[in-house]
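> kindly generate the corresponding structure for this input.
(one chain, ligands or ions: 2)
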Amino acid sequence: MPTEQMPTEQMPKEQIPNQRHYRIVALPGEGIGPEVVEATATILRALADQAGFTLTIDYALIGMPAQQAFGTSLPSETLQICEGSDGILFGAVTQGGLLELRKHFDLFTNLRPVRPSPSLLSASPIKADRLNHVDLLFVRELVSGIYFGEAGRERQQQNAYGFHTMRYADEEIRRIARVALQQAQTRRQHLTVAHKENALPHLPWSRLVASEAEAFPAVTVEPMLVDNLAMQLVSRPGDFDVVLAGNLFGDILSDLGGAIAGSIGLLGSASLNADGFGMYEAVHGTAPDIAGKGIANPLGTLAGATLMLKQWGEKQTAETLITIRENMLAQGYRTHDLRPAADTTASAGQPLKIVTTSEVVDFFITQIQARSQPCKGQE
Ligand code: NAI
Ligand code: MG
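Ligands and ions are numbered 1, 2, ... in the order given. Alright, predicted model coming up:
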């Protein structure tokens, strides 16, 4: 962020007047988390130089490494480092730390955009002619519902049982509805609401969203039973714009986006609170089957970082990342998750080049250095 005026010579690099400065916290976590976070951090550092802002990246522990060092998966030291930062870049954890982190910062809005790359239409199990116009945004409620409700395991006489409670305050539904309606208003003005009111009538998502929608007359709201919605998303993904869902349904539905896009390794997400503070990450998990091999696809975490740049108002820099990504895919570069079973040519007839994580980073760095982007003010 721009800092107060002082003579340039007396200042460290990040305090030059009119230069934007951001501090982010990297939480690499476990599995491929550290690999994709470091790949993204390296690209962001190179990008900052070109884009005219300075970037500090602090590191902290979460998940298993935090458990080993501090005896808890989300230590207070980690929360302290995150406080006052401009965003969190998150890797992945097996369990522990993530739900608590979301709750701590009240990151109730999870945005997961899905727009298949024109170069990857054949990577999706969905027919290419149904993917051409797909531009979806999943808006998932992230800090309430069944993942946070009363839960336990108990025993009555001989019978053991378990329970998780899907509990939503009306206002929790209303506040995420307002975010989804705002998003729809700036897009194609269509909002689909996932619900299951035939079986869960005490969670009236349709009625509450309709009530909030009165303030957004341009937006058409279409409630849909979540099971039907899952089927419709696969059969006609191009017909949807913004899809709003609670925590559980949003978790499940948004993974469909991975299949639509071609690989779960491609998608990023932003989790935001009411102040616009956020955590940015890939949609995928720790991928233990490929961890440590250097072959993880970093494009999902990079897509998360792209959302972070947009959230800061660094829209042109975000577009630069998207353009380089599309160039890379169009030139036939593929990480192993995008390796086709049989066809070895890219859509333009170019031979595919199977690349490692670090080769993807190298491609981005070379392209960033080749662009000499003039410094510009925040948009
Ligand atoms: P996963 O997303 O880790 O992996 C599913 C499949 O996709 C695997 O075959 C994996 O190799 C592949 N894959 C995922 N990301 C990839 C990438 N960037 N590049 C190339 N291939 C990629 O899901 P899974 O196996 O169900 O979960 C593994 C662990 O991750 C579990 O412990 C789960 O709890 C955790 N998890 C954590 C999340 C988070 O931290 N946000 C989200 C989802 C799962
Ligand atoms: Mg999930």
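
> look up the closest residue to the residue of the chain found nearest ligand 1, ignoring the ones flanking it.
Proximity to ligand 1, evaluated over the chain using C-beta to the nearest ligand atom, is greatest for Gly285 at 2.3 Å. For glycine as for every other residue, the C-beta is placed from the backbone atoms N, C-alpha and C. Distance criterion C-beta to C-beta, 6 or more residues apart in numbering; nearest residue to Gly285, sequence neighbours excluded, is Ala92 at 5.1 Å.

> thought the one you found was touching Glu35?
No. Counting by C-beta atoms under 8 Å, Ala92 stays clear of Glu35, with 10.0 Å between them.

> mean confidence score for the strand ranked longest in the chain?
Across the chain, the longest stretch assigned as strand under DSSP state E is strand 20-29. Averaged over strand 20-29, pLDDT sits at 97.

> packing partners for it?
Contacts defined by 3 or more C-beta pairs under 8 Å, 6 or more residues apart in numbering; DSSP states H and E place strand 20-29 against helix 33-51, strand 53-59, helix 76-82, strand 87-92, helix 299-312.

> tell me the pLDDT at the spatially most central residue of the chain?
Geometric centre of the chain, nearest residue: Ser269, 0.9 Å, by C-alpha atoms, centre = their mean. In this model, Ser269 is scored at 96, pLDDT.

> now do the contacts for it.
110-112, 254, 280-283, 304, 307 (C-beta atoms under 8 Å, 6 or more residues apart in numbering).

> and this structure, which of its residues are near ligand 1?
32, 36, 92-95, 98, 264-265, 281, 284-290, 296-297, 300, 335, 337 (C-beta under 6 Å from any ligand atom).

> quick check, Leu208 in contact with Glu171.
No. If you go by C-beta under 8 Å, Leu208 and Glu171 don't touch, sitting 9.1 Å apart.

> look at the two and report which has more neighbours.
Between Leu208 and Glu171, counted using other C-beta atoms under 10 Å, the more crowded position is Leu208 (20 against 9).

> then the longest strand of the chain to CSV, C-alphas only?
The C-alpha trace of strand 20-29 is given here as CSV (Å, rounded to 0.1, in the frame of the first residue of the first chain):
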residue,chain,number,x,y,z
ARG,A,20,2.1,-0.1,-3.8
HIS,A,21,3.3,-2.6,-1.2
TYR,A,22,1.7,-5.8,-0.2
ARG,A,23,2.5,-8.3,2.5
ILE,A,24,1.2,-11.8,2.1
VAL,A,25,1.5,-14.9,4.3
ALA,A,26,2.3,-18.3,2.7
LEU,A,27,0.9,-21.3,4.5
PRO,A,28,2.4,-24.2,2.5
GLY,A,29,0.9,-27.0,4.6
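
> mind starting the numbering at 58 from now?
Sure thing, new numbering starts at 58, so read that last one as strand 77-86.

> so what are the sheet partners of that strand and their directions?
Here strand 77-86 has these sheet partners by DSSP bridges: strand 110-116 (parallel), strand 144-149 (parallel).

> angle of the last one against helix 90-108?
Here strand 144-149 runs at an angle of 150 degrees relative to helix 90-108 (axes from the mean of the first three to the mean of the last three C-alpha atoms, to 10 degrees).

> what's in contact with strand 144-149?
So strand 144-149 is contacted by 79, 81-91, 93-94, 97-98, 114, 119, 139, 155, 158, 334-339, 341-344, 358, 361-362, 365, 368-369 (C-beta under 8 Å, 6+ apart).

> care to break the protein down by domain?
Using automatic domain parsing, the domain parsing of the chain gives 58-181+319-429, 186-208+223-317.

> of the ones you listed, which shows the lowest average pLDDT?
domain 58-181+319-429 (a mean of 90).

> so how far is that one off the chain centroid?
Taking C-alpha atoms, centre = their mean, to the nearest Å, one finds domain 58-181+319-429 lying 9 Å from the centre of the chain it belongs to.

> now swap in stretch 290-298 and tell me
20 Å.

> so how far does that stretch reach from one end to the other?
End-to-end span of stretch 290-298 (C-alpha to C-alpha, to the nearest Å): 11 Å.

> quick check, Val278 in a strand?
Yes. Using DSSP: H, G, I helix; E, B strand; the rest coil, the assignment for Val278 is a strand.

> OK, contacts around it?
Residues 238, 248, 250, 266-267, 270 are the ones in contact with Val278 under the rule C-beta under 8 Å, 6+ apart.

> go on, Pro355?
Taking C-beta under 8 Å, 6+ apart, one finds 92-93, 96-97, 100, 392, 414, 417-418 in contact with Pro355.

> from those residues, pick the one nearest Val276.
Closest to Val276 out of the contacts of Pro355 is Thr97 (33.3 Å), distances taken as C-beta to C-beta.

> assess the claim that that closest one and Gly357 are in contact.
No. Using C-beta under 8 Å, Thr97 makes no contact with Gly357, being 9.3 Å away.

> and those two? which has more neighbours close in?
Shown here are Thr97 and Gly357; by other C-beta under 10 Å, Thr97 has more neighbours (31 against 27).

> for stretch 111-128, buried residues please.
By 16 or more other C-beta atoms under 10 Å, the buried positions in stretch 111-128 come out as 111-112, 114, 117-124.

> hang on, I meant stretch 97-109
In stretch 97-109, counting by 16+ other C-beta under 10 Å, buried: 97-101, 103-105, 107-109.

> out of those residues, who's nearest His221?
Using C-beta to C-beta, those come closest to His221 at Thr97, 33.2 Å.

> can you pull the contacts of that closest one?
Taking C-beta under 8 Å, 6+ apart as the test, what Thr97 contacts is 146, 355, 358-359, 361-362.

> could you redo the last one with a cut-off of 10 Å?
Neighbouring residues of Thr97 by C-beta atoms under 10 Å, 6 or more residues apart in numbering: 83, 114, 146, 148, 325, 337-339, 355-363, 365, 378, 418, 421.

> please apply the same query to Glu229.
Contacts of Glu229 by C-beta under 10 Å, 6+ apart are 165, 198, 200-202, 205, 265, 303-304.
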